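# With the sequence up front, the predicted model follows.
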Amino acid sequence: MSSKKTGRPEGKPVAKTADKTGRQGVKAPENKTGTKKTVVANREKGEFGVVAGTRKEKVAIELKAKGPEAALALGLNLGLAKGTITSWIGAWKTKGLWKPVEAKPAKKPNGIEAIEQAAEVAAKAVETETKTDQVTDA
């Protein structure tokens, strides 16, 4: 039966802190406004704005130097999860801090490429003719 039907509370008893008026007491935080705040040390920013010397920065440096495969391998060696590393790389890519470099072969103009292919075919034809002439003469 529920507490609505019986009128008795159910569940574990709760320790209440009440003041003299019977109101529920709320603990005030130790660091009240106007008091001295804890100072967090200013940490140096490294690669991609990451704290210098951390595993995340090491992965960022490796990513910039050798690419995502090398960064993933290094991160796994440092004890990071694959999902963590790929999410970092994706975030850096989204923010525009890192762009994947795609190697594109230099294209030759069609006219020059056609001339080079024709020259190779002609050279092979000349070589085969000279070899057949030498065999028939002997």
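Happy to help now that I have it.

# which residues in this protein form helices?
Ranges of helices in the chain, per DSSP state H, are 3-6, 55-66, 68-77, 82-95, 110-137.

# most neighbours per residue, which of those?
Highest mean neighbour count among the helices of the chain (mean count of other C-beta atoms under 10 Å): helix 55-66, with a mean of 18. Every C-beta, even on glycine, is put in place using the N, C-alpha and C of the backbone.

# Residues contacting that helix, please?
Contact with helix 55-66 is made by 46-48, 50-51, 70-71, 74-75, 78-80, 85, 88-89, 92, 98, as judged by C-beta atoms under 8 Å, 6 or more residues apart in numbering.

# State whether Gly53 and Lys45 are indeed in contact, as I suppose.
No - with contact defined as C-beta atoms under 8 Å, Gly53 does not reach Lys45; the gap is 10.9 Å.

# want to try TSV for the helices of the chain, with mean pLDDT as columns?
Below are the helices of the chain laid out as TSV (pLDDT from 0 to 100):
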stretch	mean pLDDT
helix 3-6	66
helix 55-66	92
helix 68-77	94
helix 82-95	92
helix 110-137	72
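
# isn't Pro100 right next to Ile89, touching?
No - between Pro100 and Ile89 there is no contact under C-beta under 8 Å: 9.3 Å.

# any residues in contact with both of those two?
Pro68.

# show me the contacts for Lys95.
Going by C-beta under 8 Å, 6+ apart, Lys95 touches no other residue.

# how much space between it and Glu44?
According to C-beta to C-beta, to the nearest Å, Lys95 and Glu44 sit 20 Å apart.

# repeat for Ala70
24 Å.

# for Ala122, same thing?
Computed as C-beta to C-beta, the Ala122 to Glu44 distance reads 65 Å.

# Ok, Lys82 next?
28 Å.

# and if you look at Leu74?
The separation that Leu74 has from Glu44, given C-beta to C-beta, amounts to 21 Å.

# and if you look at Thr6?
63 Å.

# same check, this time on Gln117
When Gln117 is compared with Glu44 (using C-beta to C-beta), they lie 57 Å apart.
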